[in-house]
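> I'll drop the sequence and a predicted model, then ask my questions.
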Amino acid sequence: MSDKSGFDPKRRSFLGAMAAAAGVTLAPGVILYGISRSSPATAKAAGAEASSAVRWGMLIDLGRCDNGCDDCVSACAEENGLRGFGRPETDAQWIRKVEIKNPQTGNSKSLPVMCQHCEDPPCVDVCPTGASFKRADGIVLVNKHTCIGCRYCMMACPYKARSFVHEALEDQKPHAPRGKGTVESCTLCVHRIDDNRQPACVEACSDTGGGAMLFGDLNDPDSEISRRVAKYASQQIRADLGLNPGIRYRNL
Amino acid sequence: MKQITYSELKGNSGAFYTLAAILAVFMLSALACAFYMEHHGHHVTGMSNQIVWGTPHVFAIFLIVAASGALNVASIGSVFGKPLYKPLGRLSGLLAIALLVGGLVVLVLDLGRPDRLIVAMTHYNFKSIFAWNIFLYVGFMLIVAVYLWLQMERRMNRHAKKAGLVAFVWRLVLTTGTGSIFGFLVAREAYDSAIMAPLFVAMSFSFGLAVYILILLAAYRGSERDIGDTVIRKLSRLLGVFVAAVLYFTAVQHLASLYAAEHIGVERFILMDGGIYTLLFWLGQVVVGGILPMILVFRPPTAGSSRNAVLASILVIVGGFAQVYVIVIGGQAYPLDLFPGMEVSSSFQDGMISGYAPSLPEIGLGLGGVALAGLIVLFGLKLLRFLPVSLANAAIDPHHK
Amino acid sequence: MRLCRTCTGLLALMLIGVSALTGVVSAGESDIAGNALLPVIPPGAGDTCVEDTAFMRRNHMELLKHQRDETLLKGVRSEQYSLKECLSCHAVYGPDAIAVTVANPAHFCRSCHDYAAVSIDCFQCHASRPEVE
């Protein structure tokens, strides 16, 4: 019931209440979006060692991963100087988009697969010289000073994450050394992480891709990634092997 | 026990030096192949990010497995005390070392960074069965060298039995280790099985004895020494038993795997759909390497002749190569199963059977390892007294009238 | 046996000559544009290196070997431990003002390593110059 002169206090308070409700609904999303784009929670000083208090991981939301998009792959290649030689069978790939289709239901998806940075990596177990190792903060790397190029880690990896460098390389990126005769794989952009930045694939996905990839410290209960994996169901690829990879997938 | 006289190969025949020259040519070409691969990078070979271990590894694994099996003959003489095998022990030790060196050289030269061999010898990750194998291989060579010395130095002969026991146990551990290189790989469906270790032990018995028989008969024919049919018959029948053991373990491996629904894919690949791998398995491994040699050595009219022993040994070796090829390369050709039950594809060859064709540098390198083993045997026989002067029935058989 | 005067003279001349040569050689070590037999080592940019020159000449390999483990295995990346920093100060620029790679004999590391005939393994994997934009 309104007064014919135009002013209706109930309408004003209703509009006010709606505005407040809208603000309260949108604000967390804006804040969360801002947090997801910010640097990892734990800052690391340049001279400090990597610490096992931290465990780096990724959460990839396949609901937002587009079949045709491979921004993460191009970003990785650009960042790490992965130049193909037109030989797909021997060219290195640190991350790739895998298309999977369920033959019974016809449902298909695509997802980025890279080194899963397992907690209990089989590649580290089998390396005869100990060149394949896990850093204190959970990143699995190849120590190319010690790698003899036997490729046993490539046999052992259940995710086909590793590549062998089949030809002599020149003009490598200074932050990503790689050379003929050694084995390599995704480093989780360790040079960026140590500089408090995000891996190149995650950054590319947020900038131009679907915003599917989230990077953070799984050991920090307040980090965005920890909160999300606690809230939403996520899976690991081949979880049955008991390797506890640091890369988790949502909507797999 | 009759006194056995040993002697080195005498004379300066042209055939000896021609053979040495041929082996040397193969060895030098292997070095050239290794340099070519190392200089240009492995893209010049058939190996890729999918088929990670190729023809050099097939040769190397065959040689290493045969090496540990070649020592069997000496073990039967020393450890199990069979008098007929005692004269055969010295050649057995020489062959074991020669084959192992040949295999290891191929393995080392195929490394991505063979210049880092010193790194490999000084940095060990003891969780890795590969690292253990390096110790086992080097230790094997030292133990067999000591064992040979104890056999050849008559004053030390009484200690040979203890060394023989150590060598026997060591070689079982070594071959178990070699089989476990594959058996410990949880990731690959074709390998992840405890039976790889005993399968490799059985393979070593079979391949090692086949190579031994060939070398023994070749050496005796070449140096015009007598060899009686007692020795040939005994060795041939033993080969038949070992071949049967390999067939048994192969059967158990595949039957157990077929029972698990999750392994149906890889089993169908090896046993039915795998093209070259299926052919090599059934025709190469089972028929040529298994059934035919057994017929040759067990059927009465054919058993005991040197011609059939040679033929059976060659068939076993051919079948053995086929078996190692199917294991090493066939096992890698089948894709990893990241998403069970799903159809998978990617730009990194996920979800597809990987193709592989042996390339010339790889084959050259592998053959060079065989040639090196041959050269070591050839010059060993020429320089030291490994061969009994006569293996005629009258000379060695204690029951011979 | 006493030497004759001619022999004494010749001996004295030889001794003087040898000591002069030694003097020239040892002077040449600190003289960059000096003796053609010795390597010409381009000076680095900036004021100081990680340690003084004599220390670096003797021990740079130990530093590299030790510090690479600190960086790779433990993640320590301060300036002193960074090969990138070494290369950015010691970059040698070609006529086109672009830093040369190790394929060029003028590269800083090669200027001495070629002379000493010690092969360098680092640049199979590491970039031998700062990133070219």
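Received, thanks. Residues are numbered from 1 along each chain as shown, chains lettered A, B, ... in the order given.

> State the mean pLDDT of the one helix or strand residue B:166 maps to.
Per DSSP states H and E, residue B:166 falls inside helix B:160-183. Mean per-residue pLDDT for helix B:160-183: 94.

> buried sites along it?
B:160, B:163-164, B:166-168, B:170-183 (16 or more other CB atoms under 10 Å in any protein chain shown). C-beta: built from backbone N, CA, C; applies to glycine.

> go on, stretch B:191-206?
For stretch B:191-206, burial by neighbour count (16+ other CB under 10 Å) applies to B:191-193, B:195-206.

> just checking, residue B:188 touches residue B:333?
No: checked against CB atoms under 8 Å, the pair residue B:188 and residue B:333 is beyond contact range at 10.6 Å.

> How many residues are close by the closest residue to chain B within chain C?
Of all residues in chain C, residue C:121 sits closest to chain B, at 7.9 Å by CB to the nearest CB. Using other CB atoms under 10 Å in any protein chain shown, the number of residues around residue C:121 comes to 13.

> got a list of what it touches?
By CB atoms under 8 Å, 6 or more residues apart in numbering or on different chains, residue C:121 lies in contact with residue B:115.

> helix, strand or coil for the residue in the stretch 1-150 of chain A that chain B sits nearest to?
The nearest approach of the stretch 1-150 of chain A to chain B comes at residue A:149, 1.8 Å away (CB to the nearest CB). Assigned by DSSP: H, G, I helix; E, B strand; the rest coil, the conformation of residue A:149 is coil.

> Now it: phi and psi?
With angles defined as degrees, to the nearest 10, residue A:149 sits at phi 80, psi 30.

> sorry, back to before: while we're on the residue of chain C closest to chain B, how confident is the model there?
For residue C:121, the model assigns a pLDDT of 90.

> Same check on residue C:90?
89.

> Repeat that for residue B:3.
Listed pLDDT for residue B:3 reads 78.

> how near is it to residue B:227?
Residue B:3 is 18 Å from residue B:227, where distance means CB to CB, to the nearest Å.

> the more surrounded of the two?
When neighbours are counted by other CB under 10 Å, residue B:3 and residue B:227 differ, and residue B:227 comes out ahead with 20 against 5.

> Enumerate the residues of chain C near chain B.
residue C:121 (CB under 8 Å from any CB of the partner chain).

> So for chain C, the centremost residue is which one?
residue C:112 (4.3 Å; CA atoms, centre = their mean).

> Residue B:119 against residue A:146, yeah?
Yes: using CB under 8 Å, residue B:119 is in contact with residue A:146, at 5.7 Å.

> Mind listing the shared neighbours of the two?
Counting by CB under 8 Å, 6+ apart, the residues touching both residue B:119 and residue A:146 are residue A:129.

> Which one of those two is surrounded by more residues?
The neighbour comparison of residue B:119 against residue A:146 (other CB under 10 Å) goes to residue A:146, with 23 against 15.

> What pLDDT does the model give the nearest residue in space to that one that is not next to it in sequence?
Nearest non-adjacent residue to residue A:146, counting by CB to CB, 6 or more residues apart in numbering or on different chains: residue A:131, 3.9 Å away. For residue A:131, the pLDDT comes out at 96.

> neighbours of residue A:131, just the number please.
Neighbour tally, residue A:131, other CB under 10 Å: 26.

> Tell me the spacing between it and residue B:261.
In terms of CB to CB, residue A:131 sits 37 Å off from residue B:261.

> go on, residue C:89?
63 Å.

> Near chain C, which residues of chain B are found?
By CB under 8 Å from any CB, the part of chain B that sits against chain C consists of residue B:115.

> could you pull out the strands for chain B?
Applying DSSP state E to chain B gives strands spanning B:6-7, B:343-346, B:387-388.

> do the stretch 101-250 of chain A as well
A:108-114, A:132-134, A:140-142, A:163-164, A:183-184, A:213-217, A:247-250 (DSSP state E, counting those that start in this stretch).

> ok, residues contacting the fifth one?
Right, the one you point to is strand A:183-184. Strand A:183-184 is contacted by residues A:92, A:94, A:132, A:142, A:144, A:147, A:149, A:151, A:153-154, A:162-165, A:178, B:112 when judged by CB under 8 Å, 6+ apart.

> re earlier: of residue B:188 and residue B:333, which one has the most company?
For the pair residue B:188 and residue B:333, the greater number of neighbours falls to residue B:333 (23 against 19), based on other CB under 10 Å.

> What ranges in the stretch 1-150 of chain A fall below the confidence cut-off?
A:1-8, A:14, A:17, A:20-47 (pLDDT under 70).

> tell me which parts of it are close to chain B?
Going by CB under 8 Å from any CB, the residues of the stretch 1-150 of chain A near chain B are A:73, A:85, A:87-93, A:96-104, A:113, A:122, A:124-131, A:146-150.

> Please spell out the ChimeraX selection for the buried subset of those.
Per 16+ other CB under 10 Å, the buried members of these correspond to this ChimeraX selection:
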select /A:73,89,90,91,92,93,96,97,98,99,100,101,113,122,124,125,126,127,128,129,130,131,146,147,148,149,150
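
> So which of the residues of the stretch 1-150 of chain A next to chain B belong to helices?
If you go by DSSP state H, the residues of the stretch 1-150 of chain A next to chain B have A:73, A:122, A:124-126 in helices.

> Dump these into JSON lines; add distance to residue B:39 as well.
Shown next, in JSON lines, are these (distance: CB to CB, whole Å):
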{"residue": "A:73", "distance to residue B:39": "31"}
{"residue": "A:122", "distance to residue B:39": "32"}
{"residue": "A:124", "distance to residue B:39": "30"}
{"residue": "A:125", "distance to residue B:39": "32"}
{"residue": "A:126", "distance to residue B:39": "28"}
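
> Looking at the residues you listed, point me to the pair that's furthest apart.
Farthest pair in those (CB to CB) is A:73 and A:125. Separation: 28.4 Å.

> on that earlier part again, now, of the strands of chain B, which is deepest in the fold?
Highest mean neighbour count among these (mean count of other CB atoms under 10 Å in any protein chain shown): strand B:387-388, with a mean of 23.

> so what's the residue in the stretch 301-401 of chain B that chain C sits nearest to up against?
As assessed by CB to the nearest CB, chain C sits closest to residue B:361 within the stretch 301-401 of chain B, at 20.4 Å. Residues near residue B:361 by CB under 8 Å, 6+ apart: B:33-34, B:36-37, B:44-45.

> confidence score at it?
The model reports residue B:361 with a pLDDT of 96.

> again, but for the one 3 residues further on
On the pLDDT scale, residue B:364 is placed at 97.

> That one contacts residue B:33, correct?
Yes: applying CB under 8 Å as the test, residue B:364 and residue B:33 come out as touching, 3.7 Å apart.

> Show me which of the two is the more surrounded one.
Neighbours were counted for residue B:364 and for residue B:33 using other CB under 10 Å; residue B:33 has more, 25 against 20.

> Can you give me the pLDDT of that one?
96.

> The spatially most central residue of chain A bridge partners, please.
Compute the mean C-alpha point of chain A, and by CA atoms, centre = their mean the closest residue is residue A:58, 4.1 Å away. Beta-bridge partners for residue A:58, by DSSP bridges, are residue A:215, residue A:247.

> Please name the residues that touch residue B:114.
Counting by CB under 8 Å, 6+ apart, residue B:114 makes contact with A:148, B:34, B:38, B:108.
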